[in-house]
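Participant: Provided below for reference: sequence and predicted model.
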Amino acid sequence: MSDFCQIQDWELFSGSGRPYVIAGPCSVENRESLISEAFSLKKAGVRVLRGGLWKPRTHPGCFEGVGETGAQWLREAGAAADMHTATEVANARHVEIVLKNGIDAVWIGARTTGNPFLVQEIAEALRGTGIPVFVKNPLVPDPELWTGAIERFARCGLNCICAVHRGFHFYGESLYRNPPFWQIPVELRRRLPGLPLLCDPSHITGRRDLVEDIARQALILGFDGLMIEVHPDPDRALSDAAQQITPGDLAGMLGRLKIRKTSTQDAEAAAAIDDLRTDIDRIDAALIDLLAQRMDISASIGLIKERSGMTVLQADRWNNVLERARSMAKEKDLDEDFITEIFTTIHRASMERQLNRK
């Protein structure tokens, strides 16, 4: 899976550069407003117009898109503003309609990515078309599902494939609608280094006032571009009103965002980074040695517990260890939740060592 077409070579983005931007309304609502918005987006430098035709909602009875009628509107809007077009597909019938209407690219939504049956059906329907495919992450933070969906399209002969990070479902309180869990797209890029990667800050945030900050973070991390929901009058949008921004807001945001390179031609800066990374490598080696010592000690404690008839879990001791670690983290100006996560992982490994002692 190393033969992905590099995004700068896609005809879809001909004439543009990083960040590569796909923008448009969450849902296509009517022909006139879509054409007007296309011209506004083109003026902002956007080359690809997005618009949802079918909107899978959690509950029935909500606005679920204009369907096939909107495909013609999307094509007309793209042609009028000289833009490429993209829409979401969730089954083979959608693919048939998209191809019949000359839509230039498709994306796979989060709900669909998590269903291998539907992904395979769509991949087979697209076989031989060469159409660009944008694969959003599944709702659950599982890199295997995401990678598997991408593999299915690649095995059907499609090589213009791009991953889209749109955040993950989270049960509980969060600042974001779908927290980004950046480690998941980072892992995807580690596995598939040649795969283009966009960020969808609209779905991550669920709030238009946070879109720019997430877009900025994505570009700092090295994402290739953005997929953003834009509406001429967001508060009146028929779907996802709270997370859409205006074309003017998009233009201003794109003007403020800065692109970073993956390397530098500054020899002094490169040398300084190399020296500091050598220090990090030394510290990492010491951490591994210390963790190995800790696990050996934990195993010895487990043997004593077994001989003495003691339980592996000692809740009071664990609470003391965690409280002490958090206190030391605070003194060192380290994030307490970060340290809690690390020590929780260490504690879990220690218990497993004691439980599985041979």
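Facilitator: Great, that's in hand.
Participant: Compute the number of surrounding residues for the residue lying closest to residue 258 once chain neighbours are set aside.
Facilitator: Counting by C-beta to C-beta, 6 or more residues apart in numbering, residue 258 lies nearest to residue 219, which is 7.1 Å off, once chain neighbours are set aside. In short, each C-beta sits where N, CA and C put it, glycine included. Residues lying near residue 219 (other C-beta atoms under 10 Å) number 19.
Participant: avg pLDDT for the helix or strand encompassing residue 219?
Facilitator: In this structure, residue 219 is located in helix 211-221 according to DSSP states H and E. The average pLDDT within helix 211-221 is 97.
Participant: still on that earlier bit, enumerate every residue touching the residue nearest to residue 258.
Facilitator: 19, 199, 226, 257-260 (C-beta atoms under 8 Å, 6 or more residues apart in numbering).
Participant: Also residue 41?
Facilitator: 23-24, 49, 81, 83, 230, 247, 250.
Participant: Now the phi/psi pair for it, please.
Facilitator: Main-chain dihedrals, residue 41, degrees, to the nearest 10: phi -70, psi -40.
Participant: how close does it get to residue 249?
Facilitator: From residue 41 across to residue 249, the span is 12 Å (C-beta to C-beta, to the nearest Å).
Participant: Same check on residue 109?
Facilitator: Residue 109 is 24 Å from residue 249, by C-beta to C-beta.
Participant: Looking at those two, which is more packed in?
Facilitator: residue 109 (23 against 17).
Participant: Filter the contacts of residue 41 down to the ones in helices?
Facilitator: 81, 247, 250 (DSSP state H).
Participant: any idea which of these has the most stuff around it?
Facilitator: Counting neighbours by other C-beta under 10 Å, residue 250 comes out on top of the ones in helices among the contacts of residue 41 with 25 neighbours.
Participant: correct me, but that residue touches residue 45?
Facilitator: No: assessed by C-beta atoms under 8 Å, residue 250 is found out of contact with residue 45, at 9.2 Å.
Participant: Quickly note the distance from residue 212 to residue 237.
Facilitator: 19 Å.
Participant: Check residue 261 too.
Facilitator: From residue 261 to residue 237 the distance is 36 Å (C-beta to C-beta).
Participant: higher neighbour count, those two?
Facilitator: Between residue 261 and residue 237, residue 237 has the larger neighbour count (other C-beta under 10 Å), namely 20 against 8.
Participant: List the contacts of that one.
Facilitator: For residue 237, the contact set (C-beta under 8 Å, 6+ apart) comprises 25-27, 29, 231, 244.
Participant: Tell me which two of those sit farthest apart.
Facilitator: 29 and 244 (11.5 Å; C-beta to C-beta).
Participant: Let me see the backbone angles for the residue nearest the centre of the chain.
Facilitator: What sits nearest the mean C-alpha location of the chain, by C-alpha atoms, centre = their mean, is residue 165, with 1.5 Å. Main-chain torsions, residue 165, degrees, to the nearest 10: phi -90, psi 120.
Participant: That one against residue 196, yeah?
Facilitator: No: applying C-beta under 8 Å as the test, residue 165 and residue 196 come out as separate, 11.5 Å apart.
Participant: In this model residue 205 seems to touch residue 211, though I could be wrong.
Facilitator: Yes: if you go by C-beta under 8 Å, residue 211 and residue 205 touch, sitting 5.5 Å apart.
Participant: Give me the common contacts of those two.
Facilitator: residue 243.
Participant: re earlier: tell me, what's touching residue 41 and residue 249 both at once?
Facilitator: By C-beta under 8 Å, 6+ apart, residue 41 and residue 249 have these common neighbours: residue 230.
Participant: Let me see the ranges of the helices in the stretch 251-358 of the chain.
Facilitator: Ranges of helices in the stretch 251-358 of the chain, per DSSP state H, counting those that start in this stretch, are 267-308, 315-331, 336-355.
Participant: Tell me which of the ones you listed sits most buried.
Facilitator: helix 336-355 (a mean of 14; mean count of other C-beta atoms under 10 Å).
Participant: now for that helix, which elements pack on it?
Facilitator: Judged by 3 or more C-beta pairs under 8 Å, 6 or more residues apart in numbering; DSSP states H and E, helix 336-355 is in contact with helix 267-308, helix 315-331.
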